[in-house]
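In: Model the structure of this input:
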Amino acid sequence: MSRTNAKTPARRRVLLRAVASRPGCGWWCFYCRTPFTPEAPPTFDHYIPYSMWRTGWHRNLVLACAPCNNAKADALPWTVAYLLLNQARTALANYVCPPGDYAGFDQNGSR
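Out: The predicted model follows:
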């Protein structure tokens, strides 16, 4: 995937159109769904904070209004946090009690 640096106005417009054209995105704030206006232009936000996942992938960028972008800061979105915790819980349960045939054993592991 190509990485477009948004340091120039022309490249910023290209990146804005690319991010806004993705499914689930558009010309409104990703978090509060407020439409963008000339008075309140869109800002780029790393969905998974750059401090946690250092990547320049466009898939990690969303358009957000300035108040939502500042409020989110370096926080992990709750949907991602929930998925990670759920996956960790499942992995831990399989590690402690791996799937298998436990017929004939009680809860304490004795026959």
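
In: rest of the way, CA atoms for contacts and neighbours
Out: OK.

In: Could you pull up the residues touching residue 31?
Out: 64, 68 (C-alpha atoms under 8 Å, 6 or more residues apart in numbering).

In: how much space between it and residue 77?
Out: Using C-alpha to C-alpha, to the nearest Å, one obtains 10 Å as the distance from residue 31 to residue 77.

In: What about the closest residue to residue 50 other than its chain neighbours, how many residues nearby?
Out: Leaving aside its chain neighbours, residue 50 sits nearest to residue 74 (7.7 Å; criterion: C-alpha to C-alpha, 6 or more residues apart in numbering). Under the neighbour criterion other C-alpha atoms under 10 Å, residue 74 is assigned a count of 16.

In: Assign a three-state SS to residue 74, would you?
Out: Look at residue 74: counting by DSSP: H, G, I helix; E, B strand; the rest coil, its state is coil.

In: Next one: it, what pLDDT does it get?
Out: What the model reports as pLDDT for residue 74 is 82.

In: again, but for residue 1
Out: The model's pLDDT for residue 1 equals 40.

In: At which residues are the helices of this structure located?
Out: Using DSSP state H, the helices of the chain run over residues 9-20, 66-72, 78-96.

In: Mean neighbour count for the ones you listed - can I get that in JSON lines?
Out: Compiled in JSON lines, those are given as follows (neighbours: other C-alpha atoms under 10 Å):
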{"stretch": "helix 9-20", "mean neighbour count": "15"}
{"stretch": "helix 66-72", "mean neighbour count": "15"}
{"stretch": "helix 78-96", "mean neighbour count": "11"}
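
In: Same list, these, but as TSV with distance to residue 56 please.
Out: Formatted as TSV, those follow (distance: least, C-alpha to C-alpha, whole Å):
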stretch	distance to residue 56
helix 9-20	12
helix 66-72	17
helix 78-96	18
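
In: of the ones you listed, which approaches residue 37 most closely?
Out: For these, proximity to residue 37 was assessed by C-alpha to C-alpha; helix 66-72 is nearest, at 12.0 Å.
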